[in-house]
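> structure of the sequence below:
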Amino acid sequence: MMTKTEARKRIKQLSGQIEKHNFKYYVQSKPEISDFDFDMMLQQLLALEKQFPDLVSPDSPSQRVGGAVTKNFRNVRHRYPMMSLGNTYSAEELADFDSRVRKSIGDRFRYACELKFDGVAIGITYRDGRIVQALTRGDGVTGDDVVANVKTIRSVPLRLPPGKYPDEFEVRGEIFMTRKVFGNINAERVDIGEPPFANPRNSAS
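Next up, the predicted model:
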């Protein structure tokens, strides 16, 4: 039988290992252990947290598991507006954009171009290295705090690895679903008699 002190130490150790292997598997695509070994670590963590429920932290890997997804969201004002991308369909419109940029900030800049991922814009806030908020774009001024749902995305760290970070900062990006995952989910939905999703973008949303 573990003491509470021993359990706290083991929970911290397991949480760190699980998050490391999540990152290796879902972000780097370089798993270092088998699925079975990973599941055994997670089961041990769940058992300890069940035995010592007051040791469960909001950023525990266990919080990714077991029906945490919700549709009840708190509306929160963005610290900085989250604007959407504009569309353009001609060289003239691009030239006009370039002219406006140069009038605003001068000529000392470079453009960076990349393919657009069509998903859900998200702003994730970390405080003291821990995830505390995840806001959708909403109307650009306020958005929904969907942090409980974002915690189920295994490539999103719940706790940052040791390093030098600001006390609080926001990371903005796009939540998207690959076509392979989209196809797998739709196949499962059809198997259980549910209608397939229309497209990956709406499925991610």
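> touching, Phe97 and Thr88? I think so.
Yes: between Phe97 and Thr88 there is a contact under C-beta atoms under 8 Å: 6.8 Å. Heads up, the C-betas are built off the backbone N, CA and C, glycines and all.
> need the CA coordinates for stretch 164-171. PDB is fine.
The C-alpha trace of stretch 164-171 is given here as PDB (Å, rounded to 0.1, in the frame of the first residue of the first chain):
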ATOM      1  CA  LYS A 164      12.200  29.000 -20.100                       C
ATOM      2  CA  TYR A 165       8.700  30.200 -20.800                       C
ATOM      3  CA  PRO A 166       6.800  33.400 -20.000                       C
ATOM      4  CA  ASP A 167       4.600  33.100 -16.900                       C
ATOM      5  CA  GLU A 168       1.600  33.300 -19.300                       C
ATOM      6  CA  PHE A 169       1.400  33.200 -23.100                       C
ATOM      7  CA  GLU A 170      -1.000  32.200 -25.900                       C
ATOM      8  CA  VAL A 171      -0.300  29.800 -28.800                       C
END
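> would you mark the buried spots in it?
Residues of stretch 164-171 classed as buried by neighbour count (16 or more other C-beta atoms under 10 Å): Glu170.
> please renumber the chain so that the first residue is 767 from this point on.
Okay, using 767 as the starting number, the last item reads as stretch 930-937.
> contacts for it?
Contacts with stretch 930-937, where a contact means C-beta atoms under 8 Å, 6 or more residues apart in numbering, come from 845-846, 889-895.
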